[in-house]
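**Q** Provided below for reference: sequence and predicted model.
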Amino acid sequence: MSDKESKQKLSTEPYKGVRDFYPDDMAVENYIFSVWRKTAESFGYQEYGASVLEPTELYKAKSGQEIINEQTYSFTDRGERDVTLRPEMTPTVARMIAAKRKELRFPIRWYSIPNLFRYEKPQRGRLREFYQFNADIFGLDRMQADMEMVMLAYQIMKSFGLNDKQFEIRINVGVNATKQDAETLMKKLAAVGIKNARFDEEIVRGMEYYTGITFEMYDTGKDNPRALFGGGRYDNLLDIFGEEKVPATGFGMGDVGIKNVLETYNLLPQIPAPADLYLCPMSEKEIEYAEKLAQNIRDAGARVIVDYSGKKVGEQIKYADKSRIPFVAVIGENETKTGTFKIKNLSSGTETEATAKTAASVILQ
């Protein structure tokens, strides 16, 4: 056996519990992110971000021993510092608030979509690496802040296309709240049309920092038994930084569970085509003209691909069709000379004569 043959082949599989995002997968992921962003910003929330690496002591201080001992990816860096790939975002945003507390204007409404890592058994609805939408309000100790959190979470589900019978909100209370606080909240929610909320004493948030009302949201079907997301009030988190109490409430929603729900109810988006128009040069001679034409059409707002394969026009058109590109145009010697060409709608078969100036209006109408 040769040295080359004896070398162990590398696996093409990703690390256990993480995902590769091929273009169609990425399109779904971007759709989920877009709904999160659009809905959060409709409530006036601003996006923030931070590094995926945090000092391990941040989680030792408040997240709980289960997270530290069993669920984190922690290591010592080359400078002998203990660091952790963040398993959650709330300690990070609390750190950020504490760092610039005197400069910030309260109340604060922030959201983020961080990449998170937890070392746990991969299963439906739960992976070791995932993205999570997080929304928080800092500086409001009134129940209206808790209510707004639930309203935002509810609106996200509605924006994904779910109806009230397909999910429910379960509400409980932490150490500084009473059961009466949870019926009061549900009455307020019902007053604004959110009637799929109920009290559930079995809802116990896994983190140690929740102090008031907590909530989780569940798919009412049987295919997705886990909580889709949850959150609550955590007024005391800033004390680990030696800061005075700042009232806070928030929630997190993972992309894995949401994608499962969208699949269950046939709510996944249609995968968009990579381009609006596919230009098919008849020979190498027409490529330069096709490139200039493509750039002019792109400048007008359309997405254009030029075929460089050198294959026959029929094969080029087949490629465009299988790629879901709606329009094609064949560029030959005559089109190069006259500056006019026919744009074909692959769905209807109709053809429209166009120029570099009019092409965008034909395909974007």
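**A** Nice, I can see it. Residues are numbered from 1 along each chain as shown.

**Q** C-alpha only now, for contacts and for neighbours.
**A** OK.

**Q** Counting by contacts, list what the helix or strand encompassing Tyr278 packs against.
**A** Here Tyr278 sits within strand 277-281, counting by DSSP states H and E. Packing partners of strand 277-281 (3 or more C-alpha pairs under 8 Å, 6 or more residues apart in numbering; DSSP states H and E): helix 287-299, strand 304-306, helix 313-322, strand 327-331.

**Q** mind putting those in JSON lines, mean neighbour count and mean pLDDT included?
**A** Below are the helices and strands packed on strand 277-281 laid out as JSON lines (neighbours: other C-alpha atoms under 10 Å; pLDDT from 0 to 100):
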{"stretch": "helix 287-299", "mean neighbour count": "18", "mean pLDDT": "97"}
{"stretch": "strand 304-306", "mean neighbour count": "21", "mean pLDDT": "98"}
{"stretch": "helix 313-322", "mean neighbour count": "16", "mean pLDDT": "98"}
{"stretch": "strand 327-331", "mean neighbour count": "23", "mean pLDDT": "98"}
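
**Q** for those, which one sits closest to Gly221?
**A** Relative to Gly221, the nearest member of these by C-alpha to C-alpha is helix 313-322, separated by 35.2 Å.

**Q** got the angle between that closest one and strand 327-331?
**A** Orientation check (axes from the mean of the first three to the mean of the last three C-alpha atoms, to 10 degrees): helix 313-322 against strand 327-331 gives 160 degrees.

**Q** what's helix 313-322 packed up against?
**A** Secondary elements touching helix 313-322 (3+ C-alpha pairs under 8 Å, 6+ apart): strand 277-281, strand 327-331.

**Q** residues in contact with the first one?
**A** By C-alpha atoms under 8 Å, 6 or more residues apart in numbering, the residues outside strand 277-281 that reach it are 287, 290, 294, 302-308, 313, 316-317, 320, 325-332, 363.

**Q** again, only this time at 6 Å
**A** By C-alpha atoms under 6 Å, 6 or more residues apart in numbering, the surrounding residues in contact with strand 277-281 are Ile287, Val304, Ile305, Val306, Asp307, Phe327, Val328, Ala329, Val330, Ile331.

**Q** Mind checking the pLDDT average for it?
**A** Taken as a whole, strand 277-281 carries a mean pLDDT of 98.

**Q** In its sheet, which strands sit next to that strand, and in what direction?
**A** strand 304-306 (parallel), strand 327-331 (parallel) (DSSP bridges).

**Q** after the longest one, next one along is what?
**A** Okay, so that is strand 327-331. Once the chain leaves strand 327-331, the next helix or strand it forms, by DSSP H and E, is helix 333-338.

**Q** Can you give me the pLDDT of Arg205?
**A** 57.

**Q** Now the contacts of strand 277-281 in TSV, please, with extra columns for distance to Leu268.
**A** Formatted as TSV, the contacts of strand 277-281 follow (distance: C-alpha to C-alpha, whole Å):
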residue	distance to Leu268
Ile287	38
Val304	26
Ile305	26
Val306	30
Asp307	30
Phe327	24
Val328	27
Ala329	31
Val330	34
Ile331	36
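
**Q** Closest one of those residues to Tyr31?
**A** Nearest to Tyr31 among these is Val304, at 21.9 Å by C-alpha to C-alpha.
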